[in-house]
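>>> only the shape, not the letters, is given here:
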Ligand code: CUA
């Protein structure tokens, strides 16, 4: 646009500049037809764009039909909390929804402004403290959908990803049933049992909730962390090595992480990982 406009301007300035002896050019006051045309044309283009835009805005405005699955999304620096108020489930970073069923999502934040966005499932919604934004959608195909926080929210904004699993109805029901169970206690004398004690020894219980054991309100709920595919705000796959890297140095993996380096000894780290992996 710049090149075209400036090009025509430069051409006219040079081509029609004053020359010695040239007669005074004809004087025009304006051109009514042209002026009406270049006012109307953009107005019509805008109306043409506005119709589908406004229709889509209403379509995704967040009013889901009654009976929709309700999910509360809460942004934290730097991870996402998901609550299913009708199912009594609390989880983090990974949301599960059934295919073909309307979902009603309520979005807010615990600290600063974030924005929840899963491109294939609908528009962006700001997650604002003390304010609730809504989004509604019905996912029409089973799969794994990536998302990302899209409002700059501090040092690890880029490390605040999210993932939505659209499950078949039976897979979703199985997931719900699993999430509602309290994980079994680790076997006597196992590494995981020692890890469960370390979870208290290093103060993990102060920040993390594990149903039936701890009720820390700060970090992600870890009741079923062993069944998640990713950890640390969806930036690392949930493998033993990544759990090791993460716990050994959270701020190194995710700058600004509220979870500090707790200087867990190597043997304790192995036990702690065994415990976390047992939380299915
Ligand atoms: Cu949260 Cu950007």
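That came in fine, so what should we check first? None of these values were measured; they are calculated from a predicted model.

>>> can we go C-alpha only for contacts and neighbour counts from here?
Fine.

>>> quick check: residues of the stretch 101-250 of the chain near the ligand?
Residues of the stretch 101-250 of the chain lying close to the ligand by Cα under 6 Å from any ligand atom are 114, 149-153, 157, 160.

>>> buried subset of these?
114, 149-151, 153, 157, 160 (16 or more other Cα atoms under 10 Å).

>>> from those residues, which ones fall inside helices?
Using DSSP state H, no member of those falls within helices.

>>> quick check: buried residues in stretch 9-16?
Buried-residue list, stretch 9-16, by 16+ other Cα under 10 Å: empty.

>>> helices of this protein, start to end?
Under DSSP H, the chain gives helices at 2-15, 32-59, 169-180, 191-201, 240-248, 250-253, 266-278.

>>> so which elements touch the shortest one?
Contacts of helix 250-253 with other secondary structure elements, assessed using 3 or more Cα pairs under 8 Å, 6 or more residues apart in numbering; DSSP states H and E, are absent: no helix or strand is involved.

>>> average pLDDT across stretch 88-98?
Across stretch 88-98, the average pLDDT comes to 91.

>>> Provide a list of residues in contact with the residue nearest to residue 158 when sequence neighbours are not counted.
Nearest residue to residue 158, sequence neighbours excluded (Cα to Cα, 6 or more residues apart in numbering): residue 149, at 7.3 Å. Residue 149 makes contact with 114-117, 157-158, 160-162, according to Cα atoms under 8 Å, 6 or more residues apart in numbering.

>>> out of those, list just those in strands.
Here DSSP state E is the test, and those give 114-116, 161-162 as lying in strands.

>>> between these, which is nearest the ligand?
residue 114 (4.0 Å; Cα to the nearest ligand atom).

>>> I'd guessed the closest one sits against residue 127; true?
Yes - Residue 114 lies in contact with residue 127 (Cα atoms under 8 Å); the separation is 4.8 Å.

>>> shared neighbours of the two, anything?
residue 75.

>>> if we can go back for a sec, CSV for the ones in strands among the contacts of residue 149, including pLDDT?
Shown next, in CSV, are the ones in strands among the contacts of residue 149 (pLDDT from 0 to 100):
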residue, pLDDT
114, 94
115, 95
116, 94
161, 91
162, 92
